[in-house]
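Below are the sequence and a predicted model; questions follow.
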Amino acid sequence: MESASLERQYDIIVWGATGFTGRLVTEYMATRYLDSNVRWAIAGRNSSKLESLVAGRNIPMLTADSHDPASLAALVKQTKVILTTVGPYARYGSELVAACSEQGTHYCDLTGEVHWMRKMIDEHQTTAAASGAVIVHTCGFDSIPSDMGVYFLQKQMQEEHGVIAQQIKYRTRAFKGGFSGGTADSMIAMMEAAQKDPSIRRIAGNPYSLNDGPPGRDGGDRFGVYFDEDFGAWVGPFVMAGVNTRVVRRSNELLSARSAGYGENFRYDEGSVVGEGAKGFLGATAMSVGTGAFVGLAAIPLTRKGLQKFLPKPGEGPTAEQIENGFFTVELLGKHPSDSSKDIRVRVHGDRDPGYGSTSKMIAESAIALAQEELPVGGGIWTPASAIGDALLARLPANAGVTFEVI
């Protein structure tokens, strides 16, 4: 098995470059890193689509097939890092993770498929550890603002007060952005898989499904409406909480192995701040009902097919103007273990559409961190905070328009 530390032709290969998010990643890389010390290429199945995307620019192009292990092995041997935007990952990503794990190639993706991440950990952790491949899932809007927001807050708590926050609340404040067909396809695919395999639903419902050790103090996700005294507002469910919370809890476990975790009593939850008074209550209720209705419709085959008629198709997504004018703002509250006057609040802000404009920049910077930064970990399957946390805290504000600040 080779190691990603050995000299290879490229630092990064963008796999799935002609897809909706892949095109955004390619444009970001071309704008910021075309004439730089980053050696990168794009790859996909269709050479004519790749040529159209390059449009005369000096960007190397490679081809491979998601379900051809030999072609994937040949691809990943050429690079230090594979950046993949090809989902649903449970459908198209397993062979690529296997190839990277075997060949010692670092890897990052945008998956939010918890059951698939659990499968990859079980199947490839040992191989990746032996080869030196650093595999990092969830390097987009799910789950970098959550995972890195918690990591940043805990570093601030340690620096200011010499302790860790035993509880952190993540609350979305404001969003503006569009919805992609790729995301819709991933959500529908997970519902279909759960219907065929009941174990997928059990994994998704387990708050510690990505952890390898004993569970902590957190229970299941909250889907109802509640008033949060710490934020002075009514709170509804956050649709990505079922992914983000599990990633943060895995980070705690992985960081704890090198004495940098958040403690065995650490508690973490996510929700969406809606507002105060009757208006806030009604808004949070509508959010809760809408989320439940979508999940319910997507879970039933007959209504799922009807729902798909109204969702964007794979390859479709928000307009360039929507992406450019989008943004997200999230607030995290970290509770001091004994003195509430020392609680810390952190704001995470992104300057583009969260799911696509900001996500494309976040995964690109994650890949560059994996390729060029000195990593604190060896091979294995990691989270953003546990593998590239300090590098991302420097790179994201400097390059990607994603900022972390104490308020």
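In hand now; what should we look at?

Pro397: neighbour count?
If you count neighbours by other C-beta atoms under 10 Å, Pro397 ends up with 14. Yep, even glycine has a C-beta here, placed from its N, CA and C like the rest.

What distance do you get for it to Ala391?
Per C-beta to C-beta, to the nearest Å, Pro397 is found 12 Å from Ala391.

what do you get for Ala293?
Taking C-beta to C-beta, one finds Ala293 at 41 Å from Ala391.

which of these two has more neighbours?
Neighbour totals were compared for Ala293 and Ala391, and Ala391 leads with 20 against 11 (other C-beta under 10 Å).

The more buried one against Ala369, yeah?
Yes. Applying C-beta atoms under 8 Å as the test, Ala391 and Ala369 come out as touching, 3.9 Å apart.

how distant is the helix or strand containing Glu95 from the center of its chain?
Glu95 belongs to helix 94-103 when assigned by DSSP states H and E. In this view, helix 94-103 has its centroid 19 Å away from the chain centroid, taken as C-alpha atoms, centre = their mean, to the nearest Å.

Tell me which other helices or strands that helix touches.
Applying 3 or more C-beta pairs under 8 Å, 6 or more residues apart in numbering; DSSP states H and E, we find helix 94-103 packed against helix 69-76, strand 79-84, strand 106-108, helix 114-131, strand 134-136.

do you know which of these lies nearest Asp353?
Checking these against Asp353 by C-beta to C-beta gives strand 79-84 as the closest, at 19.0 Å.

Can you give the contact residues for that closest one?
The list of residues contacting strand 79-84 from outside it, by C-beta atoms under 8 Å, 6 or more residues apart in numbering, reads 4, 8-16, 25, 41, 75-76, 93, 96, 100, 105-110, 363-364, 366-367, 370-371.

Mind checking what helix or strand follows it in sequence?
helix 89-92.

In ChimeraX, how would I select just the buried ones from the contacts of strand 79-84?
Here is the ChimeraX command that selects the buried residues among the contacts of strand 79-84 (16 or more other C-beta atoms under 10 Å):
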select :4,8,10,11,12,13,14,15,16,25,41,75,76,93,96,100,105,106,107,108,109,110,363,364,366,367,370,371
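
any idea which of the helices and strands packed on helix 94-103 is most buried?
Most buried of the helices and strands packed on helix 94-103, by mean neighbour count (mean count of other C-beta atoms under 10 Å): strand 106-108, with a mean of 31.

so for stretch 40-60, what's the average pLDDT?
Averaging pLDDT along stretch 40-60 gives 93.

And that stretch, end to end?
End-to-end span of stretch 40-60 (C-alpha to C-alpha, to the nearest Å): 7 Å.

distance between it and the chain's centre?
Between the centre of stretch 40-60 and the centre of its host chain there is 25 Å, according to C-alpha atoms, centre = their mean.

residue boundaries of the helices in the stretch 301-407 of the chain?
Taking DSSP state H, counting those that start in this stretch to define them, one finds helices in the stretch 301-407 of the chain at 301-308, 320-325, 359-372, 384-395.

So which of these is nearest Ala204?
Using C-beta to C-beta, the helices of the stretch 301-407 of the chain put helix 301-308 closest to Ala204, at 16.4 Å.

got the buried residues for that closest one?
Leu307.

elements contacting that helix?
helix 181-196, helix 277-299.

Select from those the stretch with the lowest mean pLDDT.
Of all the helices and strands packed on helix 301-308, helix 181-196 carries the lowest average pLDDT, namely a mean of 74.
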